[in-house]
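> what would the 3D arrangement of this be:
(2 chains)
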Amino acid sequence: MKTILNVALPKGRLGEKVYNMFEKAGFECPSIKENNRKLIFENEEAGLRYFWVKPSDVAIYVERGAADIGVAGKDILLEYQPEVYELLDLDIGKCRMAVAAKSDFRDDKQRTLRVATKFTNIAQQHYLSKGRDIDIIHLNGSIEIAPILDLSDVIVDIVETGTTLKENNLEVKETIIPISARLISNKTSYKFKSELINKVVSEISAQMEANK
Amino acid sequence: MNTSDLSLSFNEKVIFKLRKLYARHGYSQYKMNKFEEYDLYARNKDFLISDSVITFTDTNGKLMALKPDVTLSIIKNSKDTPDTLQKVYYDENVYRIAKGTNTFKEIMQVGLECVGDIDKYAISETLMLACLSLKTISDNSVLDISHLGIITAVFDAFDIPSFARKEMLKFISEKNIHELSSLCSEIELTDEKVEIIKSLIAISGKPEVVLPQLTDTLSGVIDTTVIEELKEIIDSFDDDLKDMINIDFSVISDTRYYNTIVFKGFIEGVPTSVLTGGQYDKLLQKMKRKSGAIGFAVYLDVLDRLAQTSNEYDVDIILLYTSESKINDIKNKVKELSKNGDTVFACKQIPSDIKYKTLIKINE
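A predicted model of the protein is given here:
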């Protein structure tokens, strides 16, 4: 029986970019470009199966072995700490995890800092390393309005261009870490499909090198 | 679904085979209490996989815990015998928080510990038993072996500052060459040193290929005797076991407890490692013991996915009787129908959620 490599791609523009990289590297699956609502695509001859999943779920699919490899943002890897191999920085989907606040914000060290974020683990680790006492407020969206409504003092969120922050009268106060898309692999899959997985890594690395 | 299929589950069969395997190599069973004083875990929190422990106050006021780990209890209750060996195996339940949840889980664990004078044979036997344990579960299995002594020696040779070591180990465990390279640049290592550190990720595979490569790369950097010893240990294995072994430095354990060989076992079809082990002399030193120790645990809870097909039917035969049926007639019919091993469910009304193969009415 031919070995099939299961690849979890993040749904959306980033996923399309990633698929193009795979295609250029020789791991094509033409049916993925058909305009339909299917989520799983297979190129039996090439031994490849791609599937689209919510970007924040890619790491779960890979960690639990439903996918052998996948592409996830570094933000997700830092937040959920999945037990996976991080094989390659794809250098796309670049942004940064940052602390933002109103422009006139002053950090009063005598008070507990109220931090609104979707990324509670990253925020906690960041402030723990500074020894700063914080009160985490977990939000699922529209994080930017938290300081405006005085729900929080600062926010910890992903910043791409900074436009949304600017439009809400916020500014970046500190960059925590740069973010980009990473190629990850399930640990067991890497043991039993290492040749195929390493081929993907080396072909994509070569392509990235050529594009530099 | 014959009763002969019902006798043992997949995990139970594995437990029996492993117990037999360990007993055959002179290991005796270690039975322990479900509870342990919490203080033991509080003092060695970093040794535990998860630091959350279920605690309760005993009637005498002592704070007790449901065991989150077996090794600590065995070591605590064993004698310090640096000149001889104690070999024990266990199959016990431990209680830990399942990853990604906030709930405790009961985890079935089988494993062994070899405590005392840990020489090359003791290491070799433990690794061999780890391979055989994996083979007992599946033929498609791999044992990844790493050596923390080699990694630490490279770090020492390059004067890697202590703040960077923890992160480097993390990147090595993730096979994360890109971030390892960035960190190396941050601490201003020379290109040559960076390449050697990166080789700890890149060099991975079969021992006969990898160990000579490792000797070439690291000679002049560290004392390579340790690589020779590793080679000698693996060379002593039978060919079928040697084929299961990979040298892979991504297997990392806490260097405050583990000092030399660490290993992990993987089985095709199970997404996480099913076996973890290593030599943990430093834990014993922390407990003021002179002995060394090596051991491993097999996690049976992750093997569910490997269990053969589940039964198609809940029961082979439904024996339907009526209010007029005599007890003795029903009893005799059940006896007759089940004599060849078929499972028989006698009832007046068929339960709605039961799946059966044959329906027999007692009056027919």
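
> in chain B, which spans are strands?
Listed in chain order, the strands of chain B (DSSP state E) span B:28-29, B:35-37, B:55-57, B:63-66, B:85-97, B:104-116, B:141-147, B:245-247, B:261-267, B:275-279, B:292-299, B:315-320, B:344-347, B:356-361.

> save these as CSV, and put in distance to chain A too.
Any C-beta I mention is one placed from the backbone N, CA and C, and that applies to glycine too. Listed next are the strands of chain B as CSV, based on distance: least, CB to the nearest CB, whole Å:
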stretch, distance to chain A
strand B:28-29, 30
strand B:35-37, 27
strand B:55-57, 24
strand B:63-66, 24
strand B:85-97, 14
strand B:104-116, 16
strand B:141-147, 5
strand B:245-247, 7
strand B:261-267, 5
strand B:275-279, 12
strand B:292-299, 13
strand B:315-320, 33
strand B:344-347, 36
strand B:356-361, 31
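
> isn't A:Tyr80 right next to A:Ala59, touching?
Yes - at 5.7 Å, A:Tyr80 counts as touching A:Ala59 under the criterion of CB atoms under 8 Å.

> so for the two, which sits in the more crowded spot?
For A:Tyr80 versus A:Ala59, the count of surrounding residues by other CB atoms under 10 Å in any protein chain shown is larger for A:Ala59: 26 against 18.

> about what we covered before: redo the strands of chain B as CSV? Include distance to B:Ser124 and mean neighbour count.
Conversion of the strands of chain B to CSV gives the following (distance: least, CB to CB, whole Å; neighbours: other CB atoms under 10 Å in any protein chain shown):
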stretch, distance to B:Ser124, mean neighbour count
strand B:28-29, 20, 10
strand B:35-37, 31, 17
strand B:55-57, 39, 11
strand B:63-66, 35, 17
strand B:85-97, 13, 19
strand B:104-116, 11, 21
strand B:141-147, 11, 24
strand B:245-247, 12, 23
strand B:261-267, 10, 26
strand B:275-279, 12, 25
strand B:292-299, 10, 24
strand B:315-320, 49, 20
strand B:344-347, 52, 16
strand B:356-361, 51, 14
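
> name the nearest residue to B:Asp223, ignoring sequence neighbours.
Residue nearest to B:Asp223 in three dimensions, not counting chain neighbours: B:Ala153, with 7.0 Å by CB to CB, 6 or more residues apart in numbering or on different chains.

> mind listing what the one you found touches?
Residues near B:Ala153 by CB atoms under 8 Å, 6 or more residues apart in numbering or on different chains: B:222-223, B:226.

> distance of the residue nearest to B:Asn140 when sequence neighbours are not counted from B:Gly220?
In space, not counting the residues next to it along the chain, B:Asn140 is nearest to B:Glu268; the distance is 3.8 Å by CB to CB, 6+ apart. From B:Glu268 across to B:Gly220, the span is 39 Å (CB to CB, to the nearest Å).

> which of these two has more neighbours?
Taking other CB under 10 Å, B:Glu268 and B:Gly220 do not tie; B:Glu268 has more neighbours (15 against 8).

> quick check, the residue in chain B closest to chain A?
B:Pro271 (2.8 Å; CB to the nearest CB).

> distance check, that residue against A:Ile179.
Distance from B:Pro271 to A:Ile179, by CB to CB: 26 Å.

> now do B:Tyr321
Distance, B:Tyr321 to A:Ile179, using CB to CB: 69 Å.

> again with B:Leu129
For B:Leu129, the distance to A:Ile179 - CB to CB - is 44 Å.

> rewinding a little: so which of B:Tyr321 and A:Ile179 has more stuff around it?
Higher neighbour count among B:Tyr321 and A:Ile179: A:Ile179, with 22 against 19, using other CB under 10 Å.

> let me see the contact set for that one.
By CB under 8 Å, 6+ apart, A:Ile179 lies in contact with A:73-75, A:93-97, A:158.

> again with B:Gln213
Taking CB under 8 Å, 6+ apart as the contact definition, B:Gln213 lies against B:Ile203.

> sketch out the low-pLDDT regions of the stretch 201-350 of chain B for me.
B:307-310 (pLDDT under 70).

> residues of it that sit close to chain A?
With the criterion set to CB under 8 Å from any CB of the partner chain, the stretch 201-350 of chain B comes near chain A through B:246, B:250, B:266-273.

> now the stretch 51-200 of chain B
By CB under 8 Å from any CB, the residues of the stretch 51-200 of chain B that approach chain A are B:99-100, B:140, B:142, B:144, B:174-176, B:178-179.

> show me which of the residues you listed are buried.
By neighbour count, with 16 or more other CB atoms under 10 Å in any protein chain shown, those hold B:142, B:144, B:174-176, B:178-179 as buried.

> so which of these are in helices?
Members of those lying in helices (criterion: DSSP state H): B:178-179.

> the longest helix belonging to chain A vs strand B:141-147, what angle?
Of all segments of type helix in chain A, defined using DSSP H, the longest is helix A:194-211. Relative orientation of helix A:194-211 with respect to strand B:141-147: 60 degrees, computed using axes from the mean of the first three to the mean of the last three CA atoms, to 10 degrees.

> what residues of helix A:194-211 count as buried?
So for helix A:194-211, counting by 16+ other CB under 10 Å, buried means A:194, A:196-197, A:200-201, A:203-205, A:208.

> ok, those vs chain B, which is closest?
Nearest to chain B among the buried residues of helix A:194-211 is A:Ser194, at 8.2 Å by CB to the nearest CB.

> report pLDDT for the closest one.
With respect to pLDDT, A:Ser194 scores 93.

> what separation do you get for it and B:Val142?
Applying CB to CB, the value for A:Ser194 to B:Val142 is 10 Å.

> and for B:Ile203?
16 Å.

> now do A:Lys102
Applying CB to CB, the value for A:Lys102 to B:Val142 is 54 Å.

> for A:Asn36, same thing?
With CB to CB as the criterion, A:Asn36 and B:Val142 are 39 Å apart.

> repeat for B:Ile233
Separation of B:Ile233 from B:Val142 (CB to CB): 17 Å.

> now do B:Ala98
25 Å.

> please apply the same query to B:Ile261.
Distance of B:Ile261 to B:Val142, computed by CB to CB: 16 Å.

> show me what contacts B:Lys166?
Neighbours of B:Lys166 in contact, by CB under 8 Å, 6+ apart: none.

> need the pLDDT of it.
91.

> let me see the contact set for the residue nearest to B:Ser52 when sequence neighbours are not counted.
Leaving aside its chain neighbours, B:Ser52 sits nearest to B:Ile97 (4.7 Å; criterion: CB to CB, 6+ apart). Shown in contact with B:Ile97 (CB under 8 Å, 6+ apart): B:50, B:52, B:103-105.

> including pLDDT and distance to A:Glu42, could these go into CSV?
Below are these laid out as CSV (pLDDT from 0 to 100; distance: CB to CB, whole Å):
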residue, pLDDT, distance to A:Glu42
B:Ser50, 72, 38
B:Ser52, 81, 42
B:Thr103, 86, 36
B:Phe104, 88, 40
B:Lys105, 87, 35
